[in-house]
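Asks: I would like the atomic coordinates for the input below:
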Amino acid sequence: MYNLMIVLNNFKINKMKNKIIYILLFLGIISCKAQVIGTLEQFEECKKRANRDEVGCPDLENITYVKDTNNRLNQFIGVWKGNFAGKEYEIHFEKKIQFGEDIKWDRIFGRMVIKNNSGNIIYNSLNELDQNISFFGSNFQGRAYVMHFVGNYDCLESGNVFIETRISNPNEMTLFYSQDKDGILDPAKCPNFSTFVPLLPTDKMTLIKQ
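Replies: Predicted structure coming up:
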């Protein structure tokens, strides 16, 4: 009788385990079906549409994951170094897969160390957490990949960064920064605004892959 009870209990446990496995598999199938995949190229093309401001891109509204299907982002992955206007740059670019909440994107994240001409560190974001990242990618414009950077926001240091590897040498990259024109300046928070120099160059600089 005792052995029979053990057998019955084991049967019930195994039956419960099987139910849990079936439920998990079912939820996984639903999750996969719910994900609608688009591409970076589709969203790049969307921005070029003449009537985009009026009607948007209705054919892309249901997409939940914008994927780098052709691995175009891979060309930027790694550590890059360069010098410009007396500053030494070391930039670490990393590819993140399915990053985001409502719509997930494959993106490039950047973290960097900048030193002045005396070798002193004037900026360091290497330990910046993903959720606080201040240098992150958006999408391509032709061959250039557009990223957004926020530095000293009190001095309106915020804008787009354009990176592009050379066709003739993929281990060379050009980078330049275009500062946003919008924003309200508080002179008390940025008293030296008239002489403020952004961390990133507003002219093209060359970076070499390490």
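Asks: Would you agree Leu175 falls within a helix?
Replies: No. Counting by DSSP: H, G, I helix; E, B strand; the rest coil, Leu175 is not part of a helix but strand.
Asks: what's the closest non-adjacent residue to it?
Replies: Excluding the flanking residues, the one nearest Leu175 by Cβ to Cβ, 6 or more residues apart in numbering is Ile163, at 5.0 Å. Placement of C-beta: from N, CA and C, glycine included.
Asks: Return the set of buried residues in the helix or strand containing the one you found.
Replies: Here Ile163, judged by DSSP states H and E, is contained in strand 158-165. For strand 158-165, the neighbour count (16 or more other Cβ atoms under 10 Å) marks 158-165 as buried.
Asks: quick one on the thing from earlier: list the contacts for the residue nearest to Leu175?
Replies: 76, 93, 144-145, 147, 173-175 (Cβ atoms under 8 Å, 6 or more residues apart in numbering).
Asks: Would you mind getting the angle between the helix or strand hosting Val113 and strand 158-165?
Replies: Using DSSP H and E, Val113 sits within strand 104-115. Orientation of strand 104-115 against strand 158-165 (axes from the mean of the first three to the mean of the last three Cα atoms, to 10 degrees) gives an angle of 90 degrees.
Asks: elements contacting strand 104-115?
Replies: For strand 104-115, the packing partners by 3 or more Cβ pairs under 8 Å, 6 or more residues apart in numbering; DSSP states H and E come out as strand 65-67, strand 87-99, strand 121-124, strand 135-141, strand 144-150.
Asks: can you list contacts of the helix or strand that comes right after the shortest one?
Replies: Using DSSP H and E, the helix or strand that follows strand 65-67 in sequence is strand 78-84. Counting by Cβ under 8 Å, 6+ apart, strand 78-84 makes contact with 88-93, 173, 175, 201, 203, 205-210, all of which sit outside it.
Asks: Got the phi and psi for the residue lying closest to Gln42 once chain neighbours are set aside?
Replies: Nearest non-adjacent residue to Gln42, counting by Cβ to Cβ, 6+ apart: Leu60, 6.1 Å away. Main-chain torsions, Leu60, degrees, to the nearest 10: phi -110, psi 0.
Asks: Go ahead and confirm Leu60 touches Phe43.
Replies: Yes. If you go by Cβ atoms under 8 Å, Leu60 and Phe43 touch, sitting 6.7 Å apart.
Asks: Kind regards, and thank you for your time.
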